[in-house]
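Enquirer: all I have is the shape, not the residue letters:
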Ligand SMILES: Cc1ncc(C[n+]2csc(CCOP(=O)(O)OP(=O)(O)O)c2C)c(N)n1
Ligand code: SF4
């Protein structure tokens with residue numbers, strides 16, 4: 001990978017009239033390999049935020065660790081680069097501290113479905129209002145090409161030289177039964193379509209998963225743009241009904257000659273976690289509220305705990 005290059009400081013935007021697409025351009029140029037699918041996801045996210053009219057300070061992007069997880073460094077919003085597999089846990093805390101922020105997690109399949117699998121399951125069942133974008137390249141990119149939880153059976157990787165013997169997990173049916181209330185799949189090669197999926201996910205009140213096929217051009221020589229292009233079929237062109245549970249599961253399982261992309265599943269009848277939390281009922285974000293104790297009491301408490 002090339003070295004990150006620092007550019008001019010990102011513009012500060014305080015009013016909607018000042019918004020331009022470059023408002024979301026980060027200070028650092030991405031250091032992804034030329035051709036990496038993650039470039040398209042970054043552009044799609046910046047376009048979605050622009051088209052939704054969200055100002056950079058209204059958005060927080062949080063990641064774990066991986067090539068894809070470097071994304072918060074390349075976008076001009078609030079951002080946090082956390083530990084491998086821990087983005088959803090940190091995002092849950094951030095969302096509860098300031099539920100007025102749009103909180104978006106970005107990362108890879110290893111980060112989200114491997115080491116972060118436990119957090120994935122428990123965040124979904126809470127239906128907290130977060131958007132989770134997983135750049136699914138079916139490989140560990142940053143650590144140079146080991147098998148990931150979504151690598152297909154038989155795939156030869158650095159860690160499976162004789163072929164992967166394990167079955168991959170399927171994040172889409174898993175999310176549908178796990179409690180996610182917006183479940184979609186995109187493809188880096190179909191950026192305009194991805195923008196619409198991301199806009200829907202960001203505006204959805206509840207937990208949204210957008211799993212994106214984002215080819216790793218360096219380490220995954222099987223699931224390439226050329227491999228996906230003839231296979232991906234847009235669900236919106238087929239009249240798919242995203243409120244039909246069984247059809248959503250069926251579409252989520254399809255693999256091989258036809259792979260559906262688009263909005264598989266959406267439900268709006270479940271309250272999100274913040275809506276159920278009485279402490280968030282009134283009084284605005286917790287982060288802006290008075291502690292309810294004096295500075296002396298706070299200092300004494302800190303001293304006692306340290
Ligand atoms: C606790 C911990 N375990 C392992 C690692 C090493 N590690 C860093 S990134 C990564 C996997 C990255 O793969 P993925 O999440 O699919 O993202 P990609 O790089 O493909 O975008 C691993 C295993 C780490 N940083 N921290
Ligand atoms: S190693 Fe793969 S995932 Fe990482 S930047 Fe390069 S192409 Fe992208």
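Expert: Everything's here; your move. Bear in mind the structure is a predicted one, so any value in this text is a computation, not a measurement. Residues are numbered from 1 along each chain as shown. Ligands and ions are numbered 1, 2, ... in the order given.

Enquirer: now the residue in the stretch 101-250 of the chain positioned nearest to ligand 1: phi and psi?
Expert: At 2.4 Å from ligand 1, residue 108 is the closest residue in the stretch 101-250 of the chain, using Cβ to the nearest ligand atom. C-beta here means a position set from N, CA and C on the backbone, and glycine is covered the same way. Per-residue torsions, residue 108: phi -110, psi 180 (degrees, to the nearest 10).

Enquirer: check the one 10 residues further on too.
Expert: Phi and psi for residue 118, reported as degrees, to the nearest 10, are phi -60, psi -50.

Enquirer: next, count neighbours for it.
Expert: Using other Cβ atoms under 10 Å, residue 118 is surrounded by 11 other residues.

Enquirer: about what we covered before: who's the residue of the stretch 101-250 of the chain closest to ligand 1 bridged to?
Expert: Beta-bridge partners for residue 108, by DSSP bridges, are residue 135.

Enquirer: surely it and residue 133 touch.
Expert: No. Using Cβ atoms under 8 Å, residue 108 is not in contact with residue 133; the gap is 10.3 Å.

Enquirer: tell me the residues of the chain that contact ligand 2?
Expert: 1, 32-33, 36, 38, 67, 137, 141, 216-219 (Cβ under 6 Å from any ligand atom).

Enquirer: can you flag the buried ones in the residues you listed?
Expert: 32-33, 36, 38, 67, 137, 141, 216-219 (16 or more other Cβ atoms under 10 Å).

Enquirer: what subset of those residues is also close to ligand 1?
Expert: Near ligand 1, by the rule Cβ under 6 Å from any ligand atom, you find 67, 137, 141, 216 out of those.

Enquirer: contact partners for the residue in the stretch 201-306 of the chain that ligand 2 sits nearest to?
Expert: Ligand 2 sits closest to residue 216 of the stretch 201-306 of the chain, with a gap of 3.2 Å, by Cβ to the nearest ligand atom. Counting by Cβ atoms under 8 Å, 6 or more residues apart in numbering, residue 216 makes contact with 36-37, 67, 137-139, 141, 145.
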